[in-house]
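3D model of this:
(2 chains)
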There are 2 protein chains.
Amino acid sequence: MKFAFQIEARDGRARQGRIDTPRGEIRTPAFMPVGTAATVKGMMPEQVRQTGADILLGNTYHLMLRPSAERIAALGGLHRFMNWDRPILTDSGGFQVMSLANLRKLTEEGVQFSSHVDGSRHMLTPERSMEIQRLLGSDIVMAFDECTPFPADELVARQSMELSMRWAKRSREAFGDRPGYALFGIQQGSVYPDLRAESAEALRGIGFDGYAIGGLAVGEGQELMFDVLDYAPGQLHDDKPRYLMGVGKPDDIVGAVQRGVDMFDCVLPTRSGRTGQAWTARGSVNLRNARHRDDGRPLEEGCDCPACTKYSRAYLHHVVRLDEMIAGMLLTWHNLRYYQRLMAGLRAAIAETRLEAFVADFHALRAQGDIDPI
Amino acid sequence: MKFAFQIEARDGRARQGRIDTPRGEIRTPAFMPVGTAATVKGMMPEQVRQTGADILLGNTYHLMLRPSAERIAALGGLHRFMNWDRPILTDSGGFQVMSLANLRKLTEEGVQFSSHVDGSRHMLTPERSMEIQRLLGSDIVMAFDECTPFPADELVARQSMELSMRWAKRSREAFGDRPGYALFGIQQGSVYPDLRAESAEALRGIGFDGYAIGGLAVGEGQELMFDVLDYAPGQLHDDKPRYLMGVGKPDDIVGAVQRGVDMFDCVLPTRSGRTGQAWTARGSVNLRNARHRDDGRPLEEGCDCPACTKYSRAYLHHVVRLDEMIAGMLLTWHNLRYYQRLMAGLRAAIAETRLEAFVADFHALRAQGDIDPI
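Residues are numbered from 1 along each chain as shown, chains lettered A, B, ... in the order given. Alright, predicted model coming up:
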């Protein structure tokens, strides 16, 4: 079975569709929970699936260090290792090696670095990144790139983008021909439309199964991000999936879907779940706050997750305050479920050509804020 | 519906039976997972039930401090608060106030203390303990006692036991008549057979629905504990459940069942699960050990828990090393499941009058030790 993308409906620039892979379907627009080190923190894989996730993201940088790609390959691949038989997308390691590793040395060849865990020396190149992602058994492989820092002046942004395009070509060559597996290219160019256009042109020339919009969600703010998203997706292939890496808050996702993005990943729902923060249709709720102490009502009325159907805000407050594991487990579950309900809502709205009304309702409900204390 | 205990089979001094309560049946010998602060750490209640647990233990001392018995009562009781609709046994708070609280002052009236959490001042008396356990909605309430420290000379042990017996009487009076709920008395007397006999006599005179053997598992060691268990259970009512508090390791439980004990609780399976230690029929296994790093085999062959059926030792080692939440979740699940499989094995062996052979097999398998590294 081949990797294939079909657009089933459009509403303005937004698209609703599906990616078919040998490991199952990915409904788009899709949100991919992050399973950094072969686990979505605080969740069993079956539970992640129950939230509605079709695909997980794994981090090449973390996995190459611990337990190592070769070890995972010997144990049957990442899917088997972590007990998730549906699609997995892995990043290239490029972003995290620059943000987490020590003693980094970036050359034309790649990035030499020492592990933030034990100081061991490693090298990531386009070829090594492709090899690692192949060893992991990743279904959607990301080209190795340099995520241009923000802000970057146009010259720096150009040089960085051009390096990424040379690496994209090497990634494509190293990836080879692997039926059923996909390789995505990553557009760079910072906030410069001409550079974005050049990058898109270069990627199209190489040819990929999908395209990521890189270099965003790195501190530029929503307004500037949306400015780029007003033109960048249109520069990419219309008939391939478009993936906005590391995004984001619910309103970031909604705005990006309106601008033609199909795929997202972000640690926000999982990470905030472990700190007592819940995401709901009425905004975010800090369960640590004393106003929940005697509140017998559910976290979010109408949510079908266990945190909302089986527990009160008072209970969630209690376990958050005591740092009980179940606090992170329940709030992560809720947050992932909220994100997937949001994606399902977006897909249905696009399919029925009522995205504008859906987005208006989305913002109106958020503007109301959380329910009043009892 | 009344609280009732039936012995269904005997094998030597061991008994197999059932406790019926309005909230469900408790198969004995029973192991009760500990849900200290309204959660069995790392587990959802549905998962605890799936391990085979019929009843949980809650800690009065922790719950009275956070979130408070009155708050839980206002929210509908502990069962609803923590989403566990089966029986709950609560301790009296007596043991933990002496081991955890600060500025303790023990008088005939009770124990005055300051909270280890925020320094707030509290008083626990037999009457207040009964009130708290009633507010929580506990199905099996424990009499308020002083757990005699070990070692204690005979005079100290006598004075402590006699105080506990006066408190047992006050507990009984304060508990009153509550159909469907049970009150258990606690035998004290340290390692002195005469004191144990006097204590049993005093408790029988007061009359309880069940009897705990207190003051054990406090550092005396297994040999001395078994010495006491050779006579103490026989001093208590034959037709009431006998509960050995805070026990224990699998071989402690097996030896105590042989000596006529029906109920157990212990933090061991849950606490060790969070530190990477697993309990199996072949002894305990430290998953942190590097010998598991490349081991694709299950933790325990034949175990039906998710840790054993869906993951390799290599995966468990990886997530234990990284302190991922799923490590504690999976190993707690496994350990609770192992304990419940052990209890089911003991019950079946007693029912079929083959306990001696079961115990011999139990020790023989443990003596083999863990499987060899690959």
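
and A:Arg178, helix, strand or coil?
Recorded secondary structure, A:Arg178: coil (DSSP: H, G, I helix; E, B strand; the rest coil).

Same check on A:Val97?
Quick answer, by three-state DSSP: A:Val97 is helix.

Check whether it really touches A:Leu103, as I assumed.
No. Taking contacts as C-beta atoms under 8 Å, A:Val97 lies outside contact range of A:Leu103: 11.0 Å. C-beta: built from backbone N, CA, C; applies to glycine.

what residues are shared contacts of these two?
A:Phe113 (C-beta atoms under 8 Å, 6 or more residues apart in numbering or on different chains).

so what's A:Asp265 bridging to?
A:Met32 (DSSP bridges).

Now for it: which residues touch it?
A:Phe31, A:Met32, A:Pro33, A:Val34, A:Leu57, A:Leu89, A:Tyr243, A:Met245, A:Gly246, A:Val247.

separation between the fourth one and A:Tyr211?
So the one you mean is A:Val34. 20 Å (C-beta to C-beta, to the nearest Å).

same question, A:Pro22
21 Å.

who's more crowded, these two?
Neighbours were tallied for A:Pro22 and for A:Tyr211 using other C-beta atoms under 10 Å in any protein chain shown; the higher tally belongs to A:Tyr211 (25 against 12).

State the pLDDT value of the residue nearest the centre of chain A.
Central residue of chain A (C-alpha atoms, centre = their mean): A:Asp265, 1.2 Å from the mean position. Each residue has a pLDDT score; the one for A:Asp265 is 98.

repeat for the one 4 residues further on
Predicted confidence (pLDDT) for A:Pro269: 98.

Next: the one 5 residues further on.
At A:Arg274, the model reports a pLDDT of 98.

I figured it hits A:Met329, correct?
No. Counting by C-beta under 8 Å, A:Arg274 does not reach A:Met329; the two are 9.2 Å apart.

can you pull the contacts of A:Lys249?
Residues counted as contacts of A:Lys249 (C-beta under 8 Å, 6+ apart) are A:Gln222, A:Leu268.

Same question for A:Glu109.
A:Met123, A:Thr125.

so which strand or helix has it?
Assigned by DSSP states H and E, A:Glu109 belongs to no helix or strand.

And the strands in the stretch 251-374 of chain A?
With strands called from DSSP state E, counting those that start in this stretch, the stretch 251-374 of chain A shows them at A:263-265, A:277-280, A:283-286.

and these as CSV, adding distance to B:Ala290?
Output for the strands of the stretch 251-374 of chain A, formatted as CSV (distance: least, C-beta to C-beta, whole Å):
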stretch, distance to B:Ala290
strand A:263-265, 32
strand A:277-280, 37
strand A:283-286, 41
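
which one of these is the most hemmed in?
The highest average neighbour count among the strands of the stretch 251-374 of chain A, using mean count of other C-beta atoms under 10 Å in any protein chain shown, belongs to strand A:263-265 at a mean of 24.

Excluding residues flanking it in the chain, which one is nearest whichever residue of the stretch 101-250 of chain A sits closest to chain B?
Nearest to chain B in the stretch 101-250 of chain A, going by C-beta to the nearest C-beta, is A:Val117, at a distance of 9.4 Å. Nearest residue to A:Val117 in three dimensions, chain neighbours excluded: A:Leu65, at 5.5 Å (C-beta to C-beta, 6 or more residues apart in numbering or on different chains).

For that neighbour, list the residues it contacts.
A:Ser115, A:His116, A:Val117, A:Asp118, A:Ser120, A:His122.

any idea of the pLDDT on it?
97.

Next: A:Ile374.
Taking A:Ile374 on its own, its pLDDT is 86.

and it, how many neighbours does it have?
A:Ile374 has 12 neighbouring residues, counting by other C-beta under 10 Å.

Dihedrals phi and psi, the residue lying closest to it once chain neighbours are set aside?
Spatial nearest neighbour of A:Ile374, excluding adjacent residues (C-beta to C-beta, 6+ apart): A:Asp295 at 5.2 Å. For A:Asp295, the backbone dihedrals (degrees, to the nearest 10) come out as phi -90, psi 110.

hang on, isn't A:Asp295 packed against A:Tyr315?
No. A:Asp295 lies out of contact with A:Tyr315 (C-beta under 8 Å); the separation is 9.5 Å.

who has more neighbours, these two?
A side-by-side neighbour count of A:Asp295 and A:Tyr315, using other C-beta under 10 Å, places A:Tyr315 first with 28 against 19.

how far away is the more buried one from chain B?
6 Å (C-beta to the nearest C-beta, to the nearest Å).

how about the nearest residue to that residue, chain neighbours excluded?
B:Phe81 (5.5 Å).

for chain B, what are the nearby residues on the stretch 201-350 of chain A?
A:293-294, A:296, A:306, A:310-312, A:314-315, A:318-319, A:321-322, A:324-326, A:328-329 (C-beta under 8 Å from any C-beta of the partner chain).

I'd like to know which elements the helix or strand where A:Ile186 lies is packed against.
Assigned by DSSP H and E, A:Ile186 falls within strand A:182-187. With contacts defined as 3 or more C-beta pairs under 8 Å, 6 or more residues apart in numbering or on different chains; DSSP states H and E, the packing partners of strand A:182-187 are strand A:140-142, helix A:154-175, helix A:193-206, strand A:210-213.

most packed of those?
By mean count of other C-beta under 10 Å, the helices and strands packed on strand A:182-187 have strand A:140-142 as the most buried, with a mean of 28.

check contacts around the residue lying closest to A:Leu365 once chain neighbours are set aside.
Spatial nearest neighbour of A:Leu365, excluding adjacent residues (C-beta to C-beta, 6+ apart): A:Ala281 at 4.9 Å. Going by C-beta under 8 Å, 6+ apart, A:Ala281 touches A:Glu300, A:Tyr338, A:Phe362, A:Leu365, A:Arg366.

quick one, what contacts the closest residue to A:Asn102 other than its chain neighbours?
Closest residue to A:Asn102 apart from its sequence neighbours, by C-beta to C-beta, 6+ apart: A:Ser114 at 4.8 Å. A:Ser114 is in contact with A:Ala101, A:Asn102, A:Leu103, A:Ser120, A:Arg121, A:His122, counting by C-beta under 8 Å, 6+ apart.

So the last one, which state does it fall into?
I take that to be A:His122. From three-state DSSP, the assignment for A:His122 is strand.

okay, now it: neighbour count?
16.

In contact with it, which residues?
Applying C-beta under 8 Å, 6+ apart to A:His122 gives the contacts A:Met64, A:Leu65, A:Ala101, A:Gln112, A:Phe113, A:Ser114, A:Ser115.

Enumerate the beta-bridge partners assigned to the fourth one.
If I follow you right, that is A:Gln112. A:Lys105, A:Met123.

buried sites along the helix or strand containing A:Leu103?
Element membership of A:Leu103 [criterion: DSSP H and E] is strand A:102-106. Buried residues in strand A:102-106, defined by neighbour count with 16 or more other C-beta atoms under 10 Å in any protein chain shown: A:Leu106.
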